[in-house]
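In: Here you go, sequence then predicted model.
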Amino acid sequence: MPPLTASITDAPTPDTVAELLGRVRASAPLVHNITNTVVTGFTANALLALGAAPAMVDIVGEAGLFARVAGGLLVNLGTPTPEQRGAIAEAVAGAREAGTPWVLDPVAIGALPIRTQLAAELVSQHPTAVRGNPSEVLALAGAGSGGRGVESADSAASARDAAVALARRYGTVVAVSGEEDLVTDGSSVVWVSGGDALLTKVTGGGCALGAIVAAFLAVRVELSVLDALVAAHVSYGVAAERAAPRAARPGTFARQQLDPRHI
Amino acid sequence: MPPLTASITDAPTPDTVAELLGRVRASAPLVHNITNTVVTGFTANALLALGAAPAMVDIVGEAGLFARVAGGLLVNLGTPTPEQRGAIAEAVAGAREAGTPWVLDPVAIGALPIRTQLAAELVSQHPTAVRGNPSEVLALAGAGSGGRGVESADSAASARDAAVALARRYGTVVAVSGEEDLVTDGSSVVWVSGGDALLTKVTGGGCALGAIVAAFLAVRVELSVLDALVAAHVSYGVAAERAAPRAARPGTFARQQLDPRHI
Amino acid sequence: MPPLTASITDAPTPDTVAELLGRVRASAPLVHNITNTVVTGFTANALLALGAAPAMVDIVGEAGLFARVAGGLLVNLGTPTPEQRGAIAEAVAGAREAGTPWVLDPVAIGALPIRTQLAAELVSQHPTAVRGNPSEVLALAGAGSGGRGVESADSAASARDAAVALARRYGTVVAVSGEEDLVTDGSSVVWVSGGDALLTKVTGGGCALGAIVAAFLAVRVELSVLDALVAAHVSYGVAAERAAPRAARPGTFARQQLDPRHI
């Protein structure tokens, strides 16, 4: 593997992060979500708090059309029923034809066969971005044995080489969530610190981040996919940091993080 | 189109609104919800806060039976899977046979073909009430090109003629949500002001209102459908107004609005 | 029916309750949930607040495998789509083969035919525990006419004989929720007081308790199933009691109860 450039050089500046966040707020991009039944409401509220416009269109016969007009698409494999699997196939085809950026979140792959196979097929269709925890990214790269459902037993650093390899192989940008988050386009690796441990105590934290990545991709225009992913992760982490002191416990934290002043 | 009567004359009095709200609290009507996966929890909690009894019965083989014994039925087309579409057909047939009032919420119709066709079939079966945003009501009347998913680009006033026409054509009562809400039975048009802009920053605000309309219809007895719809909208708007000062941001607003003292 | 032993003798001591709660926090058992779409998010957050690790795996082809590796399984019949029914069959078979404890929550059975038949089939497969409201337990024992959806018109005491009979017939432990909760293994009946009336004003209170029962069963080791169920109910009730004074209304109560310091 050739040497990677230093992350400090390739990370977007704070001005770029602010520019992208400003674009999301100004243009309210339409984010098409195909996601799991546990986090639908939280994801929609997180997008609304960010300033984006959420829509959940996950049936065959509609998902393909909608992906063509949406600003960004999230494909989250948390509860992939047969109907959703059909809708995902349509939506990804529609997104690719129309040039809609799309994000793959390979929830809990590794041990669970249907979603593992599905994620392998999807990543070969070159998603604009992949977002997952270390276990999921390791499994997607064929390097891991899978985690325990949505939890990850590994650190983001442990999935660094797998993320870089995935990014190179499929021409995508990969984000790995952990105590520090990692974002790589296969050439550069950017580390994003921040966030709050309470994020791991509320369901849907990672899933909502996938939707927020789709919102940032919808407005990146001339900026790089790497910039958009880093900006999404920084914005989300800052929201968590601002929410945390107002909410020492997960019940209040989930609520506080949905306040736009924290984003 | 014949002239409409003045809204001030035909609106229910505050006493009528209070009477209907009192009946909901006293009798806890059973509200049968077939609704989308994004808002199921919020809708159930909104009904509980109101004093009604929510149930989500959306499978084939059960929905038809349940609609016969429920006090009111909500048919919300937000995520209409094939299973839900079968359940809706059963439930509407059951509601019509048993005289159960039912509400159609044609979520995001216009651009999305399956739900647009389904809504057209359903409105022709004479729902007791239709509730939607301006884009949806325009699309249902065949007059609009559809909005961006659940959002509406139009004002309630822009859908006034479409709402009146729908109400007349199908013998239903139509409510259109906006900065001011509009309710019409085809003869009278009543405007309901109130609510709070935060309602647009929390997912499920409109969807929960559809369920609350069903709860008010369940207890109207000798009062008109128009009265019941106006009372539901006034009660919901007052709850939002009372919640808003206690919750300057959407995360807290959603929570506050579920407090019965605000309804 | 032979006489029952006195509950005071057979109830676990406070030390046993604390021991079991400590084990949940220390080992973070993986709880496999097949549950209804209304309460998925609340259930996952309740498990996280408790210290357990939630996963929702409810599709055919994955549920059976996952039940083999999970620490405990919840089968909740709230919205039993055909896909979930297939997943339940797989999961129960997997749990029985692997010795994974599993909990049956027969939501709203009695009046609704598909789930009533399904619950009858499932209870005959000897779930480790059954948890329901009085109407549901009466219906499962063939003694009741069913409630109004998720609500129960009966007191826990009214379902006492039905619960004991079920426990004896199927070799299971049955918990009945009410103002006071009842737990019986067919020999002893233990009453658990506590909790808060606000629990009935937030959707998912009972459903989340079923998942928490599964978490306690995952760590019981040498302790009895009865002990685990009582410990789960006591812990949940104490969380509700601690949350209530900080949250006089249901919107805030739901949030407060998700704070681990209350559990």
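Out: Great, that's in hand.

In: What residues are bridge-paired with residue A:103?
Out: Residue A:103 has these beta-bridge partners by DSSP bridges: residue A:74, residue A:129.

In: From what I see, it and residue A:77 are in contact.
Out: No. At 11.5 Å, residue A:103 does not count as touching residue A:77 under the criterion of CB atoms under 8 Å. All C-beta atoms are positioned from the backbone trio N, CA, C, and that covers glycine.

In: out of those two, which sits in the busier spot?
Out: Using other CB atoms under 10 Å in any protein chain shown, the more surrounded residue of residue A:103 and residue A:77 is residue A:103, with 31 against 26.

In: distance of that one from residue B:115?
Out: 25 Å (CB to CB, to the nearest Å).

In: swap in residue A:137?
Out: The gap separating residue A:137 from residue B:115 is 36 Å, by CB to CB.

In: More neighbours: those two, which one.
Out: The residue with more neighbours, out of residue A:137 and residue B:115, is residue A:137; 30 against 26, by other CB under 10 Å.

In: which residues touch the closest residue to residue A:168 other than its chain neighbours?
Out: Excluding the flanking residues, the one nearest residue A:168 by CB to CB, 6 or more residues apart in numbering or on different chains is residue A:186, at 3.9 Å. Residues in contact with residue A:186 (CB atoms under 8 Å, 6 or more residues apart in numbering or on different chains) are A:164, A:167, A:168, A:171, A:173.

In: Give the buried subset of these as a ChimeraX selection command.
Out: With 16 or more other CB atoms under 10 Å in any protein chain shown as the criterion, this ChimeraX line picks the buried residues out of those:
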select /A:164,167,168,173
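
In: which one of the contacts of residue A:186 sits closest to chain B?
Out: For the contacts of residue A:186, the minimum distance to chain B (CB to the nearest CB) is 26.0 Å, reached by residue A:173.

In: from memory that closest one sits against residue A:227, does it?
Out: No. Using CB under 8 Å, residue A:173 is not in contact with residue A:227; the gap is 9.6 Å.

In: so residue A:125, which of the three states?
Out: coil (DSSP: H, G, I helix; E, B strand; the rest coil).

In: Spatially, what comes nearest to it if we skip its sequence neighbours?
Out: The shortest distance from residue A:125 to any residue other than its chain neighbours is 5.8 Å, reached at residue A:92 (CB to CB, 6+ apart).

In: Break down chain A into its helices, ranges please.
Out: All helices of chain A, identified by DSSP state H, fall at A:7-10, A:14-27, A:40-50, A:63-69, A:82-98, A:113-123, A:134-140, A:160-170, A:205-218, A:225-243, A:250-257.

In: a markdown table please, covering these and showing mean pLDDT and distance to residue C:84.
Out: Listed next are the helices of chain A as a markdown table, based on pLDDT from 0 to 100; distance: least, CB to CB, whole Å:
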| stretch | mean pLDDT | distance to residue C:84 |
| --- | --- | --- |
| helix A:7-10 | 57 | 45 |
| helix A:14-27 | 96 | 36 |
| helix A:40-50 | 94 | 16 |
| helix A:63-69 | 98 | 21 |
| helix A:82-98 | 98 | 12 |
| helix A:113-123 | 97 | 15 |
| helix A:134-140 | 96 | 24 |
| helix A:160-170 | 97 | 33 |
| helix A:205-218 | 96 | 20 |
| helix A:225-243 | 91 | 32 |
| helix A:250-257 | 66 | 26 |
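
In: Alright, that wraps it up for me.
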